[in-house]
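**Student:** Here's a sequence, model it:
(chains A and B)
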Amino acid sequence: MKTFMNLVLLAAISVSASAAEVKLLNVSYDPTREFYTEYNAAFAKYWQAKTGDSVNVSQSHGGSGKQAQAVINGLDADVVTLALAYDIDAIAQQSHLLPANWQTRLPNNSTPYTSTIVFLVRKGNPKGIKDWDDVVKKSVSVVVPNPKTSGGARWAYLAAYAYALEKNNHDDAAARTFITKLYKNVPVLDSGARGSTVTFAKNGIGDVLLAWENEAHLALKEFGADNFEIVTPSLSILAEPPVAVVDKNAKRHHTTEVANEYLKYLYSDAAQEIAAKNFYRPRNEAVAAKYAANFTQLKLVTLDSEFGSWANAQKTHFADGGVFDQIYQSQ
Amino acid sequence: MPTKLIRRKKIRVLPGFKLTLGFTLFYLGLIVLIPLAAVFWKTATLTWPEFWHTITMPTAMASYRLTFGASFCAALVNVVFGLVVAWVLVRYNFFGKKIVDALVDLPFALPTAVAGITLASLYSKNGWIGQLLEPLGIKAANTQLGIFIALTFIGLPFIVRTVQPILEDLDPELEEAASSLGANRWQVFWRVILPMLTPALLTGFALAFARALGEYGSVIFIAGNIPMKTQITPVLIMGELDMFDYAKATAIAVVMLVFSFVLLLTINVLQWWTNRYNTNNLA
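**Tutor:** Below you'll find the model as predicted:
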């Protein structure tokens, strides 16, 4: 009897030794909550089939800038999946937890899925908002978060600016007039994307919400498709929310291999389908074609072609005394 | 037994004065001074011109005016109406008094974000109060008025709770004596009651004012946060942090800190002065 018990014990020990449980922390921004919940389950299944180990991914969500600060201040993220490259650059520069060239390590600028900025309007589109020119009309009230505190808001600002540049033969002065008109129409600058969605949908403020495409679809689901509709402008920006392994944290946790695989698997067909179902535009063309009905075609310009780089855009537009500040100081 | 001991030996009521003083200084240093020093330390990474430029940005100047102005007005309004509430609670008995008394503390206990969301939805144009104000042409949500409302809400308990115990100790015989000597009601209030309440009112004002200066959670939802118009200083500081500009954020924080400290000091001096005035006149 005793030997039998010992055998059972031995078996139990050997089983637990061969199937380790791996823990990962993914620090992400606000609207990815639903997507990563679904993806983590899919990845856990894939990883278990491949290695026999079970993997448990925890998620942390918040404003992209705040999440980056948290990682700089010691939040033990194995991977970061943030709203813009500028925030991951900040982690690389300020804490040296990952190399400065992190964005070249994965395909497509380390961005497995993209998104863009669209309009959410009230049902029936009472103000007849079809494109950016309608958004800057005097009678229209616009809801958008503060670009100083929200990643999505920075993309929205740049989308509007890019439209004005394209329309006015890249005349910077005309684009500034345009963006000034736009922000004069904004009665509330919330600190994040979710805050603005609530202000628009629940508190009934504004005629149009400038939102992440996936956030707009989520708002339709949450607050009712009979109350709102999505309008896609003729031109918007290709928003690239990038992903990266935080090397030094992963190394310390001995999770480098699984963390790398976690991000690589985002490019697989299965993961691309999950992204598309959650209204992120997939990079994979076959998957994109399959879900074409989810995404209205429009002209998408990139940050690099219109503004050079994040550092550049940040300095010109969002830093203290930049174009955004000037909008409010010139009155 | 211990009281006997104290009387016989005539020792201090609190034993170990040096130990307690040492502990007080250590504790204050750990909890208050070290974090404050860190703020100054971080700010010191800026050069003087950079520091000056940051704290005098037009958006920053506008935010100081708004933050200090709205906090001051809210605290002032609370002094008047908080006194009335305290008066009613102390001098009258009515049905449900215990509940009203407990309600006063609610702004203390409520998480500020909950207060903010509640106020914002009440005063937005779809809200219960907002839809009544809308036809009158008054907009509360996303205006400076909204900020004032939120700050008044969170400041109320400070006045009531500092004035209440003083009012309870106030002997009604003093008032009776004053009126039997021919003082009218106004004179009784102005010459007898108010001077005795002034130190407590000042303390309450200082507490409410200081609390309002640092308030973030309840304000952001109702403020609108438009630079130059409805952006309070704490929101500006958060903006700097979100752009990874720690030094600039702490520079603006230092301005808040110094101003608040000077204001609190002034109020303490005023309080000391009114106390002395009272003792000289009443004793």
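**Student:** Within the helices and strands, which one has residue A:58?
**Tutor:** For residue A:58, the host element (DSSP states H and E) is strand A:54-60.
**Student:** what's the following helix or strand after the helix or strand encompassing residue A:68?
**Tutor:** Following DSSP H and E, one finds residue A:68 within helix A:64-72. Going down the chain from helix A:64-72, the next helix or strand is strand A:79-81, by DSSP H and E.
**Student:** Identify the residues contacting that next one?
**Tutor:** Contact with strand A:79-81 is made by A:24-29, A:32, A:36, A:67-68, A:71, A:88, A:91, A:241-246, A:250, A:259, A:262-263, as judged by Cβ atoms under 8 Å, 6 or more residues apart in numbering or on different chains. (Each C-beta comes from the backbone N, C-alpha and C, glycine too.)
**Student:** Chain neighbours aside, what residue packs nearest to the spatially most central residue of chain A?
**Tutor:** When Cα atoms, centre = their mean is applied to chain A, the residue found nearest the centroid is residue A:83 (3.7 Å). Leaving aside its chain neighbours, residue A:83 sits nearest to residue A:151 (2.9 Å; criterion: Cβ to Cβ, 6 or more residues apart in numbering or on different chains).
**Student:** Just give me the neighbour total for the one you found.
**Tutor:** Around residue A:151 there are 29 other residues, counting by other Cβ atoms under 10 Å in any protein chain shown.
**Student:** ok so, going back, pull the helix holding residue A:68 out as PDB, backbone CA atoms only.
**Tutor:** Taking Å, rounded to 0.1, in the frame of the first residue of the first chain, the C-alpha atoms of helix A:64-72 are listed here in PDB:
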ATOM      1  CA  SER A  64      -1.600  53.900 -23.600                       C
ATOM      2  CA  GLY A  65       0.600  56.600 -22.100                       C
ATOM      3  CA  LYS A  66      -0.300  55.600 -18.600                       C
ATOM      4  CA  GLN A  67       0.400  52.000 -19.300                       C
ATOM      5  CA  ALA A  68       3.800  52.800 -20.700                       C
ATOM      6  CA  GLN A  69       4.600  54.900 -17.600                       C
ATOM      7  CA  ALA A  70       3.600  52.000 -15.400                       C
ATOM      8  CA  VAL A  71       6.100  49.700 -17.200                       C
ATOM      9  CA  ILE A  72       8.800  52.400 -16.900                       C
END
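**Student:** what packs against that helix?
**Tutor:** Judged by 3 or more Cβ pairs under 8 Å, 6 or more residues apart in numbering or on different chains; DSSP states H and E, helix A:64-72 is in contact with strand A:21-28, strand A:79-81, helix A:85-95, helix A:151-167, helix B:233-242.
**Student:** Could you check the angle that helix makes with helix B:233-242?
**Tutor:** 60 degrees (axes from the mean of the first three to the mean of the last three Cα atoms, to 10 degrees).
**Student:** who does residue A:115 bridge with?
**Tutor:** Residues in a beta bridge with residue A:115, per DSSP bridges, are residue A:239.
**Student:** now the one 5 residues further on
**Tutor:** When bridges are called by DSSP bridges, residue A:120 pairs up with residue A:209, residue A:230.
**Student:** what's the neighbour count on it?
**Tutor:** Counted with other Cβ under 10 Å, the neighbours of residue A:120 add up to 26.
**Student:** At the contact with chain A, which residues of chain B appear?
**Tutor:** Contact residues, chain B versus chain A (Cβ under 8 Å from any Cβ of the partner chain): B:54, B:57-59, B:120-121, B:124-127, B:141-142, B:220-221, B:224-229, B:231, B:235, B:238-245, B:248.
**Student:** mind checking the backbone torsions on the residue nearest to the centre of chain A?
**Tutor:** phi -80, psi -30 (degrees, to the nearest 10).
**Student:** Just confirm it contacts residue A:29, I think it does.
**Tutor:** Yes. The criterion here is Cβ atoms under 8 Å, and residue A:83 meets it with residue A:29 at 4.3 Å.
**Student:** immediately after the lowest-mean-pLDDT helix or strand in chain B, which helix or strand?
**Tutor:** Across the helices and strands of chain B, mean pLDDT, DSSP states H and E gives its lowest value to helix B:2-9, namely a mean of 49. Counting by DSSP H and E, the element after helix B:2-9 in chain order, helix or strand, is helix B:17-28.
**Student:** buried sites along that next one?
**Tutor:** For helix B:17-28, a neighbour-count test (16 or more other Cβ atoms under 10 Å in any protein chain shown) marks nothing as buried.
**Student:** Pull the helix or strand following that helix out as CSV, backbone CA atoms only.
**Tutor:** As assigned by DSSP H and E, the chain's next helix or strand after helix B:17-28 is helix B:34-43. C-alpha atoms of helix B:34-43 as CSV (Å, rounded to 0.1, in the frame of the first residue of the first chain):
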residue,chain,number,x,y,z
ILE,B,34,10.4,62.6,1.6
PRO,B,35,7.7,62.5,-1.1
LEU,B,36,7.7,66.3,-1.2
ALA,B,37,11.5,66.4,-1.5
ALA,B,38,11.2,64.0,-4.4
VAL,B,39,9.0,66.4,-6.2
PHE,B,40,11.5,69.2,-5.8
TRP,B,41,14.3,66.8,-6.7
LYS,B,42,12.7,65.8,-10.0
THR,B,43,11.9,69.4,-10.8
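**Student:** can you give me the helices in the stretch 151-300 of chain A?
**Tutor:** Assigned by DSSP state H, counting those that start in this stretch, the stretch 151-300 of chain A shows helices spanning A:151-167, A:172-184, A:193-201, A:213-223, A:247-253, A:256-264, A:269-277, A:285-290.
**Student:** mind putting those in TSV, mean pLDDT included?
**Tutor:** Shown next, in TSV, are these (pLDDT from 0 to 100):
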stretch	mean pLDDT
helix A:151-167	95
helix A:172-184	96
helix A:193-201	88
helix A:213-223	90
helix A:247-253	96
helix A:256-264	96
helix A:269-277	96
helix A:285-290	94
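**Student:** of all the ones you listed, which lies closest to residue B:204?
**Tutor:** Minimum separation from residue B:204 across these (Cβ to Cβ) falls at helix A:193-201, 32.9 Å.
**Student:** contacting residues around the residue nearest to the centre of chain A?
**Tutor:** Neighbour list for residue A:83: A:29, A:64, A:151-152, A:155, A:239, A:241 [criterion: Cβ under 8 Å, 6+ apart].
**Student:** Give me the buried stretch members for the helix or strand where residue B:166 lies, please.
**Tutor:** According to DSSP H and E, residue B:166 maps onto helix B:144-169. By neighbour count with 16+ other Cβ under 10 Å, helix B:144-169 contains the buried residues B:144-164, B:166-167.
**Student:** What number of residues are in the vicinity of residue B:88?
**Tutor:** 13.
**Student:** and it, that one's in a helix?
**Tutor:** Yes. Residue B:88 forms part of a helix when assessed by DSSP: H, G, I helix; E, B strand; the rest coil.
**Student:** Please report the distance of it from residue B:96.
**Tutor:** Distance of residue B:88 to residue B:96, given as Cβ to Cβ, to the nearest Å: 12 Å.
**Student:** Right, I'll call it a day here.
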